[in-house]
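Peer 1: Give me a 3D structure for the following:
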Amino acid sequence: RFEKQKLVDAAGDDPSMSPEENELWRESVSALADTIEPMWLEAEERLVAVRSAEHAAEKRRDVQVGGLKKVVLRQMEYAWDNSREQEYYESCLETLQTDKRMLKYLGLLERSCQEADDIQAQLIKSQAKAQQFPDGSRQQNAAVEEAGQLYDRALSLDARIRVCCEAAEDLPETLDAVDSMGDFFKNLNPFR
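Peer 2: Residues are numbered from 1 along each chain as shown. Take a look at the predicted model:
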């Protein structure tokens, strides 16, 4: 909270200045305080508005990020045919999220998982559509072919997802070793 009098009181006289200079200084500080006071109130109001907007945005972000994380973990399980423990998927995701060198793989994983999730929904619709038509009909064959194409795309995305997991598992250690080797050779340089 802005208090005009505190600002004015804090601007005491300077013993090395003349009384006229000190008077001008007090008048300047008083004019400054008069100017700041209305702006200060407006700034406080805007700050409150920004804080509430940040709070609302954080709530939305938590929901969106939590939803995306569920999709990513579910698609990782599908990609590995549930052959790994849940801790493996979570560990891979944590590595991708926390190691800055892995951001490219994190982006690839997120995009692949979102696309795989969309394709699975389309695949279910396509399979249901194929069952609506008589066996051997042209419409059923077209729906089955569409489902086959979606299934092939889903398998391709599963391979990408597994590559991202394997990168999270192996790449940080490899990159650390390469950095260590580079440091070793750099220290061998007698001309440094």
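Peer 1: which outside residues touch the helix or strand hosting residue 92?
Peer 2: Following DSSP states H and E, one finds residue 92 within helix 86-98. By CB atoms under 8 Å, 6 or more residues apart in numbering, the list of residues contacting helix 86-98 from outside reads 69, 72-73, 76-77, 80, 102-103, 105-106, 109, 164-165, 167-169, 172. Yep, even glycine has a C-beta here, placed from its N, CA and C like the rest.
Peer 1: filter those to the buried ones?
Peer 2: With burial judged by 16 or more other CB atoms under 10 Å, the buried subset of the contacts of helix 86-98 is 72-73, 76-77, 102, 105-106, 109, 164-165, 167-168, 172.
Peer 1: Which strands or helices does the host helix or strand of residue 78 pack on?
Peer 2: Per DSSP H and E: residue 78 is located in helix 19-79. Helix 19-79 sits against helix 4-10, helix 86-98, helix 103-132, helix 138-188, with contacts defined as 3 or more CB pairs under 8 Å, 6 or more residues apart in numbering; DSSP states H and E.
Peer 1: out of these, nearest to residue 29?
Peer 2: Of all these, it is helix 4-10 that lies closest to residue 29, at 5.6 Å by CB to CB.
Peer 1: I'd like the distance from that closest one to the chain centre, please.
Peer 2: If you compare the mean C-alpha spot of helix 4-10 with that of the full chain, they lie 45 Å apart, counting by CA atoms, centre = their mean, to the nearest Å.
Peer 1: Give the other helices and strands that it contacts.
Peer 2: By 3+ CB pairs under 8 Å, 6+ apart, helix 4-10 packs against helix 19-79.
Peer 1: Report the inter-axis angle for the helix it packs on versus helix 86-98.
Peer 2: Counting by axes from the mean of the first three to the mean of the last three CA atoms, to 10 degrees, helix 19-79 lies at 140 degrees to helix 86-98.
Peer 1: Any chance of TSV for the helices and strands packed on helix 19-79, columns mean pLDDT and distance to residue 16?
Peer 2: As requested, the helices and strands packed on helix 19-79 are arranged in TSV below (pLDDT from 0 to 100; distance: least, CB to CB, whole Å):
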stretch	mean pLDDT	distance to residue 16
helix 4-10	74	18
helix 86-98	92	57
helix 103-132	92	58
helix 138-188	87	57
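Peer 1: Just send those back as TSV, with distance to residue 58 too.
Peer 2: Conversion of the helices and strands packed on helix 19-79 to TSV gives the following (distance: least, CB to CB, whole Å):
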stretch	distance to residue 58
helix 4-10	34
helix 86-98	18
helix 103-132	20
helix 138-188	27
